[in-house]
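*Asks:* Pasted the sequence and its predicted model underneath.
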Amino acid sequence: TDLNATAGGLINVDTDIDTVTAAAGTSIDLTEDDAVELVLLATTNGDVDVDTLTGGIVATDVTAGGTGNVELNDAAVGSIVLTDVSTNNGNITAVTTDGDITATLVVAGTDGDVSLTAVGTTANGDILVATITAEDDNVILAADGAINDSDAGKITATDLNATAGGLINVCLLYTSPSPR
């Protein structure tokens, strides 16, 4: 199912969705009972807010333009996979209540922070990092399990706050804050 919105406002989606493209000022609010696969989900100047009740989230080419934020929440057993998720000037937040998070490419724009939380009740609650960028801003990682980077993984941020119940193994590229 594809959805193209050409006017501002809020898009509430309660069905299986493959592609959503929204115009300036449009926010996308998606609630799904099952697993969600997001492909080419974009706003020009609005938020992307996705909540699943089971099954997890796979986000590929998800962009919040302008000051929009990306918020992904999985409320039950399910993992979150972030592949090319970005904001222009907003925050990126992903929370799984009982699963793992894989962050392949996550870039928060100008004033955006990245916050990933993986809780493990029946799952490990691990976070695997390839590339996370929040230049001049914060990256917050919280895992009940381990936090690991891939072989080429790196985190670019001014501040990194990582807490885990297991091993923490990440590479940080520190960026000094720019004058504001």
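*Replies:* Done, it's in. These figures come from a predicted structure and were not determined experimentally. Numbers count the residues shown, from 1 in each chain.
*Asks:* which residues touch stretch 147-167?
*Replies:* With contact meaning Cβ atoms under 8 Å, 6 or more residues apart in numbering, stretch 147-167 is reached by 114, 120, 125-146, 168-177. Using the backbone N, CA and C atoms, a C-beta is placed for each residue, glycine as well.
*Asks:* Quick check on the residues you listed: which are buried?
*Replies:* Buried members of these, scored by 16 or more other Cβ atoms under 10 Å, are 114, 120, 125-146, 170.
*Asks:* sorry, back to before: can you list which of the contacts of stretch 147-167 are found in strands?
*Replies:* Among those, the ones falling in strands (DSSP state E) are 114, 127-143, 168-169, 172-174.
*Asks:* Am I right that Leu141 is in contact with Leu116?
*Replies:* Yes. Using Cβ atoms under 8 Å, Leu141 is in contact with Leu116, at 5.3 Å.
*Asks:* Now do the shared contacts for the two.
*Replies:* Residues touching both Leu141 and Leu116 (Cβ under 8 Å, 6+ apart): Ile127.
*Asks:* pLDDT below threshold where in this protein?
*Replies:* Applying pLDDT under 70 to the chain flags the ranges 1-43, 54, 151, 174-180.
*Asks:* One more pass at 80, please.
*Replies:* 1-56, 76-77, 121-123, 150-153, 171-180 (pLDDT under 80).
*Asks:* Could you give the separation of stretch 152-162 from the chain centroid?
*Replies:* 15 Å (Cα atoms, centre = their mean, to the nearest Å).
*Asks:* can you check stretch 72-81 too?
*Replies:* Remark: stretch 72-81 is offset 11 Å from the chain centroid, using Cα atoms, centre = their mean.
*Asks:* end to end, how far does it reach?
*Replies:* 10 Å (Cα to Cα, to the nearest Å).
*Asks:* So for it, what gets flagged as buried?
*Replies:* Neighbour-count burial for stretch 72-81 flags 72-74, 78-81 (criterion: 16+ other Cβ under 10 Å).
*Asks:* The residues you listed in strands, which ones?
*Replies:* Using DSSP E, the buried residues of stretch 72-81 in strands are 72-74, 80-81.
*Asks:* Which members of these define the maximum pairwise distance?
*Replies:* Spatially, the most separated pair among those is Asn73 and Val81, at 14.2 Å (Cβ to Cβ).
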